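Visitor: Predicted model, plus sequence, below.
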Number of protein chains: 2
Amino acid sequence: MFSDSNCAICERKQYCFLDFELPNPLSQEIEHYEMSYEKGETIFKQGTIVPHIAYVKSGMIKVSLEYGSRKQPLCIEKEGFIGLESMYNDKFSQYSVLALTDVKICLIEIESFKSAMRENALLAVKIIENINIRTKHLYERIITLTQKQGPGRVADVIICLSERIFKSDTFCSPCTRKEMAEMCSLSFESMSRILKEFKEEGIIDLDGKNVHIIKKKELELISRVS
Amino acid sequence: MFSDSNCAICERKQYCFLDFELPNPLSQEIEHYEMSYEKGETIFKQGTIVPHIAYVKSGMIKVSLEYGSRKQPLCIEKEGFIGLESMYNDKFSQYSVLALTDVKICLIEIESFKSAMRENALLAVKIIENINIRTKHLYERIITLTQKQGPGRVADVIICLSERIFKSDTFCSPCTRKEMAEMCSLSFESMSRILKEFKEEGIIDLDGKNVHIIKKKELELISRVS
DNA sequence: AAATTTACATGACTTGTATCAAATTTTAGT
DNA sequence: ACTAAAATTTGATACAAGTCATGTAAATTT
């Protein structure tokens, strides 16, 4: 749906993050500007007024719900929109977004984006498609977090990082053990123990943050039964 | 956002579930028909091809994710759309929808609805607003299910039924203990024990499916700390 | 009214995971 | 390379919640 090229609002090629041509010129320009964030920086903070949606152009970000001092990460993203879910709720961000690596982001002023959607049905429909995909992933997360035990959740996170983010059986995790634990809604001691078990059973190889999946089938089995 | 009146696609008043006027006539009619379901009937079955979205006109429905033999209910709804989340994913329903009471539903053929959105940006934008609200509720569910223990989850479900569905401190639960347990991702014995505790502590009164909230503040406290 | 099913309650026991408390390794700064 | 800080591993213990077993009450059917 969305092309691989960078958000071209910024490059003045109109909407190149969409894979179809929009009527040009649009009746209204979409206001935007590009920002860089360093690894570890907070891009959106839950509960604060965020007058933007964003398009991640490069790097990796993590979206988390915050609850008191605890975090529940929802997803990790390499390229794509963030903030589409909050457009029509209220102006306060519903989640926090953290830069896992150095990132380049196109911040898009929300009101002008809304105006553009009101005047361009194809844009609005593409946004619905995008939201739909996110919601589907959210359903998968809910099943993982509510219907599986520790090992199944850990297996799911490893499979997800491998397939969705890195598209390789070997990758360097963008998260610390603590963050991995949060993603699975586990204590980080439990995460540590489960990873150790996976390693001892020869299912994965671990060296710091480097993960290598040895027995993919075994991992998928654990995901299903645990 | 959506008016209280019934889905007037069915009554031939165009789009009366929206609180604004659309250009009339639309370039394309939206195909639809009305159906009645009895309490206990499955309206959508997860994994089957569902060529509709639906608008609940009266009665009460429950949306659940299924995972093997287990269910994870997402929400209970009195009036509103169902199926908006699946429109652009694939044709297989991502969740099951069950009639908790006798219901009247307007089934809307999905392709004609999509066509209408492509030609009418205001409709598409209203649908985004609707999806946004659902996503927000989903975030709250995720926090409840992942960050709280049994008593907190039970408190949340009771508060939610009271405030969102019945708008009263006294109501007759549309769910059995088993369904209540599923909503909280608890075993039904645990649900039974927690409800008994709430009753013994005088927080709620229980008589079969009749629930009366006595100490609302206490319930809210449990929701926060447990 | 009796029988059957369904829903709910409760006690005993087990288990997964959190928590607490070190010990050890890795990472980053000087 | 050395030190300090951070991250990770590991063990002991506690506890929430699941499971199993059984009992009771309410609702349906016969």
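Guide: Received the coordinates, thanks.

Visitor: Show me which residues of chain A are close to DNA strand C?
Guide: Contact residues, chain A versus DNA strand C (Cβ under 7 Å from any atom of the strand): A:149-151, A:185-187, A:189-190, A:208-209. Every C-beta, even on glycine, is put in place using the N, C-alpha and C of the backbone.

Visitor: Intersect those residues with the contacts of DNA strand D.
Guide: Okay, of these touching DNA strand D (Cβ under 7 Å from any atom of the strand), that's A:189, A:208-209.

Visitor: For the residues you listed, please prepare TSV with the additional fields distance to residue B:161 and secondary structure.
Guide: Listed next are these as TSV, based on distance: Cβ to Cβ, whole Å; DSSP: H, G, I helix; E, B strand; the rest coil:
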residue	distance to residue B:161	secondary structure
A:189	36	helix
A:208	48	coil
A:209	44	coil
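
Visitor: From the residues you listed, which shows the smallest pLDDT?
Guide: The member of these with the lowest pLDDT is residue A:208, at 81.

Visitor: pLDDT weak spots in chain A?
Guide: Applying pLDDT under 70 to chain A picks out residues A:1-28.

Visitor: where exactly do the strands run in it?
Guide: A:32-37, A:42-44, A:52-58, A:61-67, A:70-77, A:80-82, A:96-99, A:103-109, A:170-172, A:204-207, A:210-213 (DSSP state E).

Visitor: Please identify which of those strands is closest to residue A:141.
Guide: Closest of those to residue A:141 is strand A:70-77, at 6.4 Å (criterion: Cβ to Cβ).

Visitor: So which bits of chain A are right by chain B?
Guide: A:65, A:67, A:70, A:72, A:74, A:85-89, A:94-95, A:114, A:117-125, A:127-129, A:131-133, A:135-136, A:138-139, A:141-143, A:145-147, A:185 (Cβ under 8 Å from any Cβ of the partner chain).

Visitor: Please produce a ChimeraX select command covering the buried subset of those.
Guide: Burial among the residues of chain A next to chain B is assessed by 16 or more other Cβ atoms under 10 Å in any protein chain shown; the matching ChimeraX selection reads:
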select /A:65,67,72,74,85,86,87,88,94,95,114,117,118,119,120,121,122,123,124,125,127,128,131,132,135,136,138,139,141,142,143,145,146,147,185
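
Visitor: who's in contact with stretch A:138-158?
Guide: Stretch A:138-158 has contacts (Cβ atoms under 8 Å, 6 or more residues apart in numbering or on different chains) with A:74-75, A:180, A:183-186, A:190-191, A:194-195, A:197-198, A:204, A:211, A:213, A:219-220, A:222-226, B:65, B:67, B:70, B:72, B:74, B:94-95, B:135, B:138, B:141-142, B:145-146, B:185.

Visitor: CA-only coordinates of that stretch in PDB, if you can.
Guide: Extracted in PDB, the C-alpha atoms of stretch A:138-158 (Å, rounded to 0.1, in the frame of the first residue of the first chain):
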ATOM      1  CA  LEU A 138      -3.000  -5.000  17.700                       C
ATOM      2  CA  TYR A 139      -5.400  -7.900  17.800                       C
ATOM      3  CA  GLU A 140      -2.500 -10.300  17.500                       C
ATOM      4  CA  ARG A 141      -0.700  -8.500  20.300                       C
ATOM      5  CA  ILE A 142      -3.800  -8.900  22.500                       C
ATOM      6  CA  ILE A 143      -3.900 -12.600  21.900                       C
ATOM      7  CA  THR A 144      -0.200 -12.900  22.600                       C
ATOM      8  CA  LEU A 145      -0.400 -10.900  25.800                       C
ATOM      9  CA  THR A 146      -3.700 -12.400  27.200                       C
ATOM     10  CA  GLN A 147      -3.700 -16.000  26.000                       C
ATOM     11  CA  LYS A 148      -0.100 -17.100  26.200                       C
ATOM     12  CA  GLN A 149       2.400 -17.700  29.000                       C
ATOM     13  CA  GLY A 150       5.900 -16.400  29.200                       C
ATOM     14  CA  PRO A 151       7.600 -18.700  26.700                       C
ATOM     15  CA  GLY A 152       4.900 -18.200  24.100                       C
ATOM     16  CA  ARG A 153       5.100 -14.400  24.400                       C
ATOM     17  CA  VAL A 154       8.800 -14.400  24.100                       C
ATOM     18  CA  ALA A 155       8.700 -16.700  21.100                       C
ATOM     19  CA  ASP A 156       6.200 -14.300  19.500                       C
ATOM     20  CA  VAL A 157       8.300 -11.200  20.100                       C
ATOM     21  CA  ILE A 158      11.400 -13.000  18.600                       C
END
